[in-house]
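Peer 1: here is my input; please provide its structure:
(chains A and B)
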Amino acid sequence: MHIYIGKRILQAIPVVLLVTLITFSLVHLMPGDPAVIMAGEDASRETVEMMRRAMGLDQPIHLQYWDWLSGVFTGDLGTSLRDHRSVLPTIIQRLPATIHLVIASFIVNFVIGIPIGIISSIKQNTFIDGFARIFALLGISLPNFWLGLMLMFLFSHNLQWLPASGAGTIYHLIMPAIALGTASAGLITRLTRSSMLEVVRQDYIRTARSKGLGERAVIYKHALKNAMLPVVTIFGLQIASGLGGSVIVESVFGYPGIGRLMFNRLLMRDFPMITGNLLVFAFLFILINLVTDIFYGVLDPRIRYD
Amino acid sequence: MADQQKKSPEIRKSKSFQADAIRRLKKNPMGIIGLIIIIIFIFLATFGRFITPHDPFEMNVPRHHEEPSLEYPLGTDNFGRCVLSRIIFGARISILVGLTVIFFRMLIGIPVGLVSGYYGGIVESILMRITDAVIAFPGIILALAIMAVRGQGLENVILALSVTGWTTYARLVRSEVLSLREREYVQAAKGVGFHNLKVMLRHILPNCLASIIVYSTMTIAVVIIAEASLSFLGLGAAARDATWGTQMSMERDYLRYAWWGVTFPGAAIAIVVLGFNLFGDALRDVLDPRLKD
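Peer 2: Model prediction:
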């Protein structure tokens, strides 16, 4: 087990370095001069030059990367070009809102997805199964921003049950969480269903039945545990797609998380904030994936000997 | 299947396979519905210009935000343009972006997967770590960053969505190659002394095609949504391109009084995406031998 975890962590190191390289190069390719933005559009050439030296932008590119990288690993992601605040504290301040949103959408996913998937597999090829499959496909097919707007139109503009934008209460979370979680719920329904159908054909299920266990025990004690393995593996991917989707959904609902922060700063060309956000998104993903892999290894011993 | 392929790679396989595939597709009503949606979509994309009830770009400001009526079946937008005509017009761009992006993703992802799966070792390690690094960024966020570098426009949308999404092809093809490269016919081809490139392209790649086709059908749907998302956020296609996403982006502020401006382009996306998903599902049932009856 320790070897397995060690191997996974070692594999993550080059990925982390590549991620920093991609982020750095991408933001450097963006049009606009950080020194000009920092000094102000109407600053004199001397001021801009001074600013450029102060920011280390006169250094060769690999030295700039090195400086920035050593900052990254000490937690210094630089200063915003727009509000001159430190990047990392700004992101950390916004992070909880997005985490709440992603968790809420996860509740939507799993609370809807897993039970429907199970029922659909137990009642395979019945009316209920057909209905569940259409529900799942529909969920995957609805663009999240459109679903968000439709919910807003119905529940805020017409019925006036829920606030159309902002954050702070649980009511603010409902619509963004549904908009963000529906596609994943569809995906998880499908995955649970196909995984259950696969598992119930296995020998050990036949054994469980033939030794006289009740159907309920067979499904919930034997089949479900094994069928959940593939569902666990896409945990990480779902969180990542939730983080990605947060950019869109937060912008639809004016929700103050890091998705909207990232998007606004992208439009403002606030380079340090963009790099910071990209890194936080990618590092979160790598971390979540690492945890999922290890968790998966714990759940399924076969994986460790891969 | 492996033996059949060695004897006569094309003729015998495709004939029986096609007949079998069509037979099983016919038994799948959802797949047929999906196919019909796709055919209508492609028809509108191809001939839409000739059948729009109005000029999709003709402005008629005094008649802005008119409710759906006989003259304007889906209403008018903020500039008095016919929403239905604009949706029909937008189909062309959606399919164009969808197909082009898939093509470029394959162009990057398939060679990466083939090479890393076939050679293994250090080559595989390097290519797979690069793949992991690209996957680490949520696709839409990386695409947005690339759009910020390159600016609005369809070519840039295609570029942004291509360089972010090839990773799944790479992983898919790699995992197929890993299981295929030990097969007898691959070993035989190698033993005969065929060039590695020939073994990969002639003996391994054709056996990955089924998964690639199924995955691509589903991915067109994902790409259409991604393009719409970028355009909706204002960092995608330019306003003059009139994609479904830009139409929604321009109308979202008027949702409260003119719901049709946002609702119908979004519904068009949802229907087309559903079509590709339904058809993709059916294709998987047809092409995946494990589910053969």
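Peer 1: how far away is residue B:28 from residue A:286?
Peer 2: Using C-beta to C-beta, to the nearest Å, one obtains 40 Å as the distance from residue B:28 to residue A:286. Bear in mind the C-beta positions are built from the backbone N, C-alpha and C, glycine included.
Peer 1: which of those two has more neighbours?
Peer 2: residue A:286 (21 against 18; other C-beta atoms under 10 Å in any protein chain shown).
Peer 1: I'd say the more buried one and residue A:13 touch.
Peer 2: No - with contact defined as C-beta atoms under 8 Å, residue A:286 does not count as touching residue A:13 (9.9 Å).
Peer 1: which residues of the stretch 151-300 of chain A lie near chain B?
Peer 2: Contact residues, the stretch 151-300 of chain A versus chain B (C-beta under 8 Å from any C-beta of the partner chain): A:152-153, A:157, A:240-241, A:243-245, A:247-248, A:251-252, A:262-263, A:266-267, A:269, A:274, A:277-278, A:281-283, A:285-286, A:289.
Peer 1: in chain B, which residue sits nearest chain A?
Peer 2: residue B:138 (2.7 Å; C-beta to the nearest C-beta).
Peer 1: how about the contacts made by that residue?
Peer 2: Residues counted as contacts of residue B:138 (C-beta atoms under 8 Å, 6 or more residues apart in numbering or on different chains) are A:240-241, A:243-245, A:247, A:281, A:285.
Peer 1: now those residues as CSV including neighbour count and pLDDT?
Peer 2: Formatted as CSV, these follow (neighbours: other C-beta atoms under 10 Å in any protein chain shown; pLDDT from 0 to 100):
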residue, neighbour count, pLDDT
A:240, 25, 75
A:241, 22, 79
A:243, 28, 85
A:244, 24, 84
A:245, 27, 88
A:247, 25, 90
A:281, 27, 88
A:285, 24, 86
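Peer 1: where's the closest residue to chain B within chain A, which helix or strand?
Peer 2: Residue nearest to chain B within chain A: residue A:244 (2.7 Å; C-beta to the nearest C-beta). According to DSSP states H and E, residue A:244 maps onto helix A:224-252.
Peer 1: what about stretch A:145-154, average pLDDT?
Peer 2: Regarding stretch A:145-154, the rounded mean pLDDT is 91.
Peer 1: just stretch B:108-125 next, same as before
Peer 2: 91.
Peer 1: buried stuff in that stretch?
Peer 2: Neighbour counts over stretch B:108-125 (16 or more other C-beta atoms under 10 Å in any protein chain shown) mark B:108-118, B:124 as buried.
Peer 1: dump those residues into a markdown table; add distance to chain A and secondary structure as well.
Peer 2: Formatted as a markdown table, the buried residues of stretch B:108-125 follow (distance: C-beta to the nearest C-beta, whole Å; DSSP: H, G, I helix; E, B strand; the rest coil):
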| residue | distance to chain A | secondary structure |
| --- | --- | --- |
| B:108 | 15 | helix |
| B:109 | 17 | helix |
| B:110 | 21 | helix |
| B:111 | 19 | helix |
| B:112 | 14 | helix |
| B:113 | 18 | helix |
| B:114 | 21 | helix |
| B:115 | 18 | helix |
| B:116 | 14 | helix |
| B:117 | 16 | helix |
| B:118 | 20 | helix |
| B:124 | 12 | helix |
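Peer 1: low pLDDT regions in the stretch 51-200 of chain A?
Peer 2: For the stretch 51-200 of chain A, applying pLDDT under 70 flags no range at all.
Peer 1: now for the nearest residue to residue A:142 once chain neighbours are set aside: which residues touch it?
Peer 2: Sequence neighbours aside, residue B:270 is the residue nearest to residue A:142 in space, at 5.2 Å (criterion: C-beta to C-beta, 6 or more residues apart in numbering or on different chains). Taking C-beta under 8 Å, 6+ apart as the contact definition, residue B:270 lies against A:138, A:141-143, A:146.
Peer 1: who touches residue A:74 in this structure?
Peer 2: Taking C-beta under 8 Å, 6+ apart, we find residue A:74 in contact with no residue.
Peer 1: how far away is it from residue A:67?
Peer 2: Using C-beta to C-beta, residue A:74 is found at 11 Å from residue A:67.
Peer 1: with residue B:74 instead?
Peer 2: Distance of residue B:74 to residue A:67, computed by C-beta to C-beta: 55 Å.
Peer 1: those two: which is more packed in?
Peer 2: With neighbours defined as other C-beta under 10 Å, residue B:74 and residue A:67 compare such that residue B:74 has more, 23 against 13.
Peer 1: surely the more buried one forms part of a strand?
Peer 2: No - counting by DSSP: H, G, I helix; E, B strand; the rest coil, residue B:74 is not found in a strand; it is coil.
Peer 1: now the phi/psi pair for it, please.
Peer 2: Torsion angles at residue B:74 (phi, psi; degrees, to the nearest 10) stand at phi -120, psi 20.
Peer 1: quick one, phi/psi of the residue of chain B closest to chain A?
Peer 2: The phi/psi pair for residue B:138 (degrees, to the nearest 10) reads phi -50, psi 130.
Peer 1: name the nearest residue to it, ignoring sequence neighbours.
Peer 2: Spatial nearest neighbour of residue B:138, excluding adjacent residues (C-beta to C-beta, 6+ apart): residue A:244 at 2.7 Å.
Peer 1: tell me the helix or strand right after the helix or strand hosting residue B:132.
Peer 2: In the assignment (DSSP H and E), residue B:132 maps to helix B:121-136. Note on helix B:121-136: by DSSP H and E, the next helix or strand toward the C-terminus is helix B:139-150.
Peer 1: flag every buried residue along the following helix or strand past that next one.
Peer 2: Sequence-wise, the next helix or strand downstream of helix B:139-150 (DSSP H and E) is helix B:154-180. Neighbour-count burial for helix B:154-180, with 16+ other C-beta under 10 Å as criterion, is recorded at B:154, B:156-174, B:176-177, B:180.
Peer 1: is whichever strand or helix holds residue A:89 up against chain B anywhere?
Peer 2: Counting by DSSP H and E, the element that carries residue A:89 is helix A:87-122. No - with C-beta under 8 Å from any C-beta as the criterion, chain B is not reached by helix A:87-122; the gap is at least 11.3 Å.
Peer 1: and the angle for whatever helix or strand comes next after that helix with helix A:87-122?
Peer 2: Using DSSP H and E, the helix or strand that follows helix A:87-122 in sequence is helix A:127-141. Computed with axes from the mean of the first three to the mean of the last three C-alpha atoms, to 10 degrees, the direction of helix A:127-141 lies at 160 degrees from that of helix A:87-122.
Peer 1: list the contacts of helix A:127-141.
Peer 2: Helix A:127-141 has contacts (C-beta under 8 Å, 6+ apart) with A:113, A:116-117, A:119-121, A:123, A:182-183, A:185-187, A:189-190, A:193, B:30, B:221, B:270, B:273-274, B:277-278, B:281.
Peer 1: now do 6 Å
Peer 2: Outside helix A:127-141, the residues within contact range by C-beta atoms under 6 Å, 6 or more residues apart in numbering or on different chains are A:116, A:120, A:123, A:182-183, A:185-186, A:189-190, B:270, B:273-274, B:277.
Peer 1: quick one: buried ones out of those residues?
Peer 2: Buried residues within the contacts of helix A:127-141, defined by neighbour count using 16+ other C-beta under 10 Å: A:116, A:120, A:182-183, A:185-186, A:189-190, B:270, B:273-274, B:277.
Peer 1: who touches residue B:156 in this structure?
Peer 2: residue B:150.
Peer 1: could you redo the last one with a cut-off of 8 Å?
Peer 2: Residues near residue B:156 by C-beta under 8 Å, 6+ apart: B:146-147, B:150.
Peer 1: ok, now residue B:81?
Peer 2: Residue B:81 makes contact with B:54, B:56-60 under the criterion C-beta under 8 Å, 6+ apart.
Peer 1: apply 7 Å and report the result again.
Peer 2: Applying C-beta atoms under 7 Å, 6 or more residues apart in numbering or on different chains, we find residue B:81 in contact with B:56-59.
Peer 1: same check, this time on residue A:14
Peer 2: residue B:129.
Peer 1: now do the helix or strand containing it against helix B:121-136, angle only.
Peer 2: Under the criterion of DSSP H and E, residue A:14 resides in helix A:2-29. Interaxial angle of helix A:2-29 relative to helix B:121-136 (the same axes, to 10 degrees): 60 degrees.
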